[in-house]
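J.: what shape does this take:
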Amino acid sequence: MTGMLTSCGKQFKDWSSTYRVLKKGVDIEKLFEVSQKAVLEDLKSDQMIVAHLDDTIFKKTGNKVYGTAWRRDPLGPPFHTNFIWGQRFLQISMALPDQENNCQSKAIPIDLHHCPTLKKLPKDADTAQQKTFKEEQRIAKLSKQGSLRIEALRNKLDLQGAKHRELVISVDGSYTNETVLKSLADRVTLIGRIRKDAKFYTLPDEQPAKGRKKVYGDRFLTPDQTRKSDDIPWQAVNAWSAGKTHEFNVKVIKNLRWRAAGKNHTLQLVVIRPLAYRLTKNSKLLYRQPAYLICTDNKMTVEKLLQAYLWRWEIEVNFRDEKTILGCGEAQVRNPESVKNIPAFITALYAFMLLATHRNHKKRHKAILPRPKWYPAKPEQRVTTSEIINLFRVHIWGNLVNSDFSGFMKNEHLNRNLKNETDPLTAAILYYRK
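T.: The predicted structure is shown next:
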């Protein structure tokens, strides 16, 4: 917050009103609705509505900050569990493919929801308090919160004129579970990673003449057994990832049932063979890990399914930009409303910036500042967030700097009080750290 005030040249003015606005007076949901509506306007009628759901942790140091707790560090080594003190947020970003090639995509944040864990009840809590606590604890679980945010997104799309368009949402393995799948809203297709030893069943061939109808047929192979089986052929699929089109080898199995998904979802399983890569031109060939996906739409083509899930990497780019460049979670506030509103407010501004860059796609490479010689720009390469912010600085400074330097020796500025200084140029330059 102090950085934003300094960049605007308001460091010598009363700053308390800015904090009060973000404490009570800003409806963050309205800001995200603007971003969501803008994404729908930029999408063509033949393009899918693809969204990505994931959670992240903002590190904190204060023990009295609302919603903080010990969390598992996702960047810790696999052989040792590390813990960090921080807040947990749930974010949804919508995919906005490039208007020219429809392959490369940017993720536009449209929701950032605070998901704190509940504090334990005192030992002398009565039965009614324990019952209420268990219900609140069930709702506060991350998978349940994810299910509620997906349902809220579907309702917002209906209100914005996308009632007849399917919503495709991609998630990781932590949301591919019974809580999310069995409560999935109508007109929502989920694509998620699944563990390699999941137990699938085929559709029942025959139904008994009397009694309950069968929902599950015979046991099918696990995803890992499907990958190793020679009876199921591989097929080549092209998809955009990491700056170019790759050829993926996949296996597709349709008409499967999974008990965690229930009887209402007939799934298709996609097994992706690991890609080969080299660290250098002369190094040996290395391989990544295989991936196993399920999709609740049994009729979706494997090309669309794979591309929609590969776009999910963009939400990880969102998290990196929000934390390292924009400083989400660094505001030193304790009020419960400010704790959840300030990161969401910064994320909403980040979404506006990405939308402005996307809509100015014809000039974004021409107007960008030249890169250093050791970091050349490629025509098909996306513009980074740091380059966008630097371009904003150039526009602000260019309008503020006077091109006529004939009177730069005058000493009138020495007689003025710094509290009356309204020119943010000096403050913005001194605050610049990136």
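J.: tally of neighbours for residue 151?
T.: Residues lying near residue 151 (other CB atoms under 10 Å) number 15. Just so you know, the C-beta spots here come from the backbone N, C-alpha and C atoms, and that holds for glycine as well.
J.: give the helix, strand or coil label for it.
T.: At residue 151 the chain is in helix, as set by DSSP: H, G, I helix; E, B strand; the rest coil.
J.: for it, what are its contacts?
T.: Contacts for residue 151 (CB atoms under 8 Å, 6 or more residues apart in numbering) come out as 183, 185.
J.: look up how far residue 211 lies from it.
T.: 35 Å (CB to CB, to the nearest Å).
J.: what ranges do the strands span in the stretch 251-400 of the chain?
T.: Taking DSSP state E, counting those that start in this stretch as the test, the strands found in the stretch 251-400 of the chain are 267-272, 276-277, 286-287, 291-295.
J.: redo these as a markdown table? Include mean pLDDT, distance to residue 349 and mean neighbour count.
T.: What follows is the strands of the stretch 251-400 of the chain, written out as a markdown table (pLDDT from 0 to 100; distance: least, CB to CB, whole Å; neighbours: other CB atoms under 10 Å):
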| stretch | mean pLDDT | distance to residue 349 | mean neighbour count |
| --- | --- | --- | --- |
| strand 267-272 | 94 | 36 | 23 |
| strand 276-277 | 76 | 36 | 10 |
| strand 286-287 | 72 | 40 | 10 |
| strand 291-295 | 94 | 33 | 24 |
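J.: ok, which of these comes nearest residue 18?
T.: Residue 18 lies closest to strand 291-295 among those, at 44.7 Å (CB to CB).
J.: flag every buried residue along stretch 143-159.
T.: For stretch 143-159, a neighbour-count test (16 or more other CB atoms under 10 Å) marks 143-147, 149-150, 153-154, 156-158 as buried.
J.: pick out whichever of those residues sits closest to residue 134.
T.: Of all the buried residues of stretch 143-159, residue 144 has the smallest distance to residue 134: 12.8 Å, by CB to CB.
J.: residues in contact with that closest one?
T.: Applying CB under 8 Å, 6+ apart to residue 144 gives the contacts 138, 179.
J.: and it, how far from residue 150?
T.: Separation of residue 144 from residue 150 (CB to CB): 11 Å.
J.: same deal with residue 340?
T.: From residue 340 to residue 150 the distance is 19 Å (CB to CB).
J.: for residue 317, see how far away residue 382 is.
T.: Residue 382 sits 9 Å away from residue 317, going by CB to CB.
J.: now do the same contact list for the closest residue to residue 351 other than its chain neighbours.
T.: Spatially, and ignoring its direct neighbours in sequence, residue 351 is nearest to residue 35 (4.2 Å; CB to CB, 6 or more residues apart in numbering). By CB under 8 Å, 6+ apart, the contact set of residue 35 is 108-110, 348, 351-352, 355.
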